[in-house]
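K.L.:
sequence below, structure please.
(2 chains)
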Amino acid sequence: AQSVTQLGSHVSVSEGALVLLRCNYSSSVPPYLFWYVQYPNQGLQLLLKYTSAATLVKGINGFEAEFKKSETSFHLTKPSAHMSDAAEYFCAVILIQGAQKLVFGQGTRLTINP
Amino acid sequence: DAEITQSPRHKITETGRQVTLACHQTWNHNNMFWYRQDLGHGLRLIHYSYGVQDTNKGEVSDGYSVSRSNTEDLPLTLESAASSQTSVYFCASSEPVAAGTGELFFGEGSRLTVL
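P.N.:
Below is the predicted model:
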């Protein structure tokens, strides 16, 4: 069964600093991978997704993620943090075949310090 | 624009009462899901459906039920609400992976408090 691990339930960075949110997955076959963002009191919205095309995926708001099969990782990065990036971020995985359920990591709360 | 709406957005109820949370999507998606979100647990799947008359249990289905009588709606029922079911509930829908990427589209959430 697939699973997702997000390292760090809380990450704090300074405004303008690099954002790095870590995500590792376990799956016997390459999955599709997603990053979602949740702003306070809102639902989740898609940041970006990997669907077996380019391994470096660009998303909204300047975020990007790189699929590394050898490391089973899909870390999310942004070169320069902005105050508006403060939110909760979820990594998720779905198998291409079989049960079509997204499995979510536990989430990482990103805090931006002025 | 297509959307997915949940109601009520906020609900306070008492232990033992039956509660139904509504979910309606206009994406015409076959797949629909209910998750609950709790601090430290991320999103956990309660029930899901791949089409009309199809329902399946997720990882935390005890005490919950769903029914799918049409494509647009997947109501979630708590048969006898318990304090452990105090949570934020999210409904989501998606295309099948074969037709797209399986990307989920979420509602805004329903905050349920069981006293």
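K.L.:
what's the helix or strand that contains B:Thr55 in contact with?
P.N.:
Using DSSP states H and E, B:Thr55 sits within strand B:54-57. The contact list for strand B:54-57, computed with Cβ atoms under 8 Å, 6 or more residues apart in numbering or on different chains, reads B:His47, B:Tyr48, B:Ser49, B:Tyr50, B:Val66, B:Ser67, B:Arg68. The way it works is simple: take the backbone N, C-alpha and C, and place the C-beta from them, glycine included.
K.L.:
and the furthest pair within those residues?
P.N.:
Pairwise distances across the contacts of strand B:54-57 peak at 13.9 Å for B:Tyr50 and B:Ser67 (criterion: Cβ to Cβ).
K.L.:
you'd agree B:Arg68 is up against B:Leu76?
P.N.:
No - with contact defined as Cβ atoms under 8 Å, B:Arg68 does not count as touching B:Leu76 (11.1 Å).
K.L.:
quickly find the element holding the residue nearest to B:Tyr64 when sequence neighbours are not counted.
P.N.:
In space, and not counting its chain neighbours, B:Tyr64 is closest to B:Ile46: 5.2 Å by Cβ to Cβ, 6 or more residues apart in numbering or on different chains. Following DSSP H and E, one finds B:Ile46 within strand B:42-51.
K.L.:
show me the contacts for the spatially most central residue of chain B.
P.N.:
Per Cα atoms, centre = their mean, the C-alpha nearest to the average position across chain B is that of B:Trp34, at 2.6 Å. Contacts for B:Trp34 (Cβ under 8 Å, 6+ apart) come out as B:21, B:23, B:45-48, B:58, B:64, B:66, B:74, B:76, B:89-92.
K.L.:
who wins on neighbours among those residues?
P.N.:
Counting neighbours by other Cβ atoms under 10 Å in any protein chain shown, B:Cys91 comes out on top of the contacts of B:Trp34 with 30 neighbours.
K.L.:
quick one: B:Ile12 and chain A, what's the gap?
P.N.:
Relative to chain A, B:Ile12 is positioned 17 Å away (Cβ to the nearest Cβ, to the nearest Å).
K.L.:
isn't that residue right next to B:Thr113, touching?
P.N.:
Yes - B:Ile12 is in contact with B:Thr113 according to Cβ under 8 Å; the separation is 4.7 Å.
K.L.:
where does pLDDT dip in chain B?
P.N.:
Within chain B, the stretches with pLDDT under 70 are B:97-100.
K.L.:
quick check: which element contains the nearest residue to B:Ser80 once chain neighbours are set aside?
P.N.:
Counting by Cβ to Cβ, 6+ apart, B:Ser80 lies nearest to B:Gly16, which is 5.3 Å off, once chain neighbours are set aside. Using DSSP H and E, B:Gly16 falls within no helix or strand.
K.L.:
doesn't A:Ser70 lie inside a helix?
P.N.:
Yes - with DSSP: H, G, I helix; E, B strand; the rest coil as the criterion, A:Ser70 is part of a helix.
K.L.:
and it, how far is that from A:Ala92?
P.N.:
Counting by Cβ to Cβ, to the nearest Å, the gap from A:Ser70 to A:Ala92 is 21 Å.
K.L.:
hang on, the earlier thing: is it possible to get a markdown table of the contacts of strand B:54-57 that adds distance to chain A?
P.N.:
Below are those laid out as a markdown table (distance: Cβ to the nearest Cβ, whole Å):
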| residue | distance to chain A |
| --- | --- |
| B:His47 | 11 |
| B:Tyr48 | 6 |
| B:Ser49 | 11 |
| B:Tyr50 | 7 |
| B:Val66 | 14 |
| B:Ser67 | 19 |
| B:Arg68 | 15 |
